[in-house]
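# How does the following fold in three dimensions:
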Amino acid sequence: MSHKHYPAIIVLIFCLLTTVLVQAQVAYPYPISKFSIMLENKQVQIAYMDVKPDTAPRRTVLLLHGKNFNGYYWKDVIAFLVKAGYRVIVPDQPGWGQSDRPDLHYSFHLLAYATMQLLDSLHIQKITVVGHSMGGMLAARFAMMYPDKTERLVLEDPIGLEDYHRFIPYQTTMELYKQEKAATYESYKKYQEGYYPQWKPEYEQYVQAQAQDLKNPDFDHIAWVNAVTYQMIYDQPVCYEWDRIAAPTLLIIGDEDRTVVGKALLNDDDKKRYGQYPALGKKTKEQLPNGILIELPGIGHIPHIQDLPQFQQILLTFIK
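Have a look, this model is predicted:
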C-alpha cells in the first residue's frame, strides 16, 4: 500500500474509535432503586444507590453530584466509604442521570426538599452530606434548610463560591437551550478537560457517562432541562448565606481549580479575575461558623477523581 493512503486510514480509524467511545455504556457500580415523589403536581422517579456495609453502619453519608455528572462518578468514593463501615446514599437528582427529567421550576430548595423526602423514606435520621461542584451548592442549601438532619457537611470544590449573576453576561434560557442541543461528545470532553491540570485516559469514562444522554431519544427535552438548571445556578446563589450553616463544615479546594459557570462569556481579563478558588476558599472559610479549609496543591476541580487516596484520607478523618 502506498504512503498516500495512510492519512485516510488514520482518519477512518480515528472516526471509528470516536464512535466506539460515544456508544460506550457505563454501568452504575451498585443496584439502582427508585423513589417516587410528587413535585409540582408531577409524579417523579428519583434513581438512587443505597449501599450498606456488611456490619451495622457507623453513620450514613449522602453524596451529591455536580452539574455535568451523575451518581456514577462517585463509584470509588462509595467503595472506600462502605469498606470503612458507612452506609452511602447516592441519588441522581431529578433532571439528571437515571432519574426523571420533568418540566419543573428547578431550584436548590426543591432539590433539597426532594432529597429530604428520599432520606425520610429510608428512615434516616442524621446524615453527613458531601457535595461536589453544583452538588456543593445543593449541599449548602440542604444544610441551611435541614440543620437538624445535617451532622456534618463537606463541600468539595463547590461552584457558587462567588455570585455568577453579578459578572456573567445574561443569556436567555432559549440561548442556553440551543447551546445544549448542539452538544457533542467532543464538546463534553473539551469541557471536562478543563477540570484537571493534566488529562489522563482514565478520565474518559466520566465523559462517556455524561454523553449517554446524547443517544437518548428524548435528548431535546434533556437539553431544555440542562438549560433551565444552568439558570438555577445563576439565579440562586448561596454565597451570601454561609453564616446560616451550623454543621461542622469541611471545605476542600483544589488550588488549580479555576471553574466559572459561563466562563466562555468572559473577556480574558475577567477570566483571570474570577474563579480563583484558592482566594475564594479562604474567603468562604471565614464566613462559615464551623469551617475547616483544606487546600490541595496541584489539584483541579475534582479531587475525588484526580487524587482519590488523598481525598479518602481527608474525608474519613473528618467524618470520623
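
# Please enumerate the strands of the stretch 51-200 of the chain.
For the stretch 51-200 of the chain, applying DSSP state E, counting those that start in this stretch gives strands covering 60-64, 87-91, 127-132, 150-156.

# Who are the packing partners of the second one?
Other elements packing on strand 87-91 under the criterion 3 or more C-beta pairs under 8 Å, 6 or more residues apart in numbering; DSSP states H and E are strand 42-51, strand 60-64, helix 75-83, helix 108-121. To be clear about C-beta, it is placed using only N, CA and C from the backbone, and glycine gets the same treatment.

# The first one too?
With contacts defined as 3+ C-beta pairs under 8 Å, 6+ apart, the secondary structure elements packing on strand 60-64 are helix 75-83, strand 87-91, helix 108-121, strand 127-132, helix 134-145.

# Tell me the strands beside the fourth one, with direction?
Spelled out, that is strand 127-132. strand 60-64 (parallel), strand 150-156 (parallel) (DSSP bridges).

# taking the mean pLDDT, what do you get for stretch 252-266?
For stretch 252-266, mean pLDDT is 97.

# ok now it, how far from the chain's centre?
14 Å (C-alpha atoms, centre = their mean, to the nearest Å).

# which stretches of this protein aren't confidently modelled?
Counting by pLDDT under 70, the chain shows low-confidence ranges at 1-25.

# Dead centre of it: give me the residue that sits there.
Nearest to the mean C-alpha position of the chain, by C-alpha atoms, centre = their mean, lies G66 at 1.0 Å.

# Please list all residues in contact with that residue.
132-136, 159 (C-beta atoms under 8 Å, 6 or more residues apart in numbering).

# Not counting its neighbours along the chain, what's nearest it?
In this structure, G66 finds its nearest non-sequential neighbour in S133, 3.0 Å apart by C-beta to C-beta, 6 or more residues apart in numbering.

# JSON lines please, covering the strands paired with strand 127-132 and showing distance to D257 and mean neighbour count.
Shown next, in JSON lines, are the strands paired with strand 127-132 (distance: least, C-beta to C-beta, whole Å; neighbours: other C-beta atoms under 10 Å):
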{"stretch": "strand 60-64", "distance to D257": "18", "mean neighbour count": "25"}
{"stretch": "strand 150-156", "distance to D257": "10", "mean neighbour count": "24"}
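
# Identify each buried residue in the strand or helix carrying Y206, please.
Using DSSP states H and E, Y206 falls within helix 204-211. Residues of helix 204-211 classed as buried by neighbour count (16 or more other C-beta atoms under 10 Å): 206-211.

# Which elements pack onto it?
Partner elements for helix 204-211 (3+ C-beta pairs under 8 Å, 6+ apart): helix 6-23, helix 185-193.

# what angle do that helix and helix 75-83 make?
Angle of helix 204-211 versus helix 75-83, following axes from the mean of the first three to the mean of the last three C-alpha atoms, to 10 degrees, is 100 degrees.

# got the angle between helix 204-211 and helix 185-193?
Using the same axes, to 10 degrees: helix 204-211 against helix 185-193 is 120 degrees.

# Look at H221 and tell me its secondary structure.
State at H221, reduced to three classes by DSSP: H, G, I helix; E, B strand; the rest coil: helix.

# Count the neighbours of it for me.
If you count neighbours by other C-beta atoms under 10 Å, H221 ends up with 13.

# do you know how far it is from A227?
Note on H221: its distance to A227, by C-beta to C-beta, to the nearest Å, is 11 Å.

# Equivalent analysis for Y164, please.
In terms of C-beta to C-beta, Y164 sits 15 Å off from A227.
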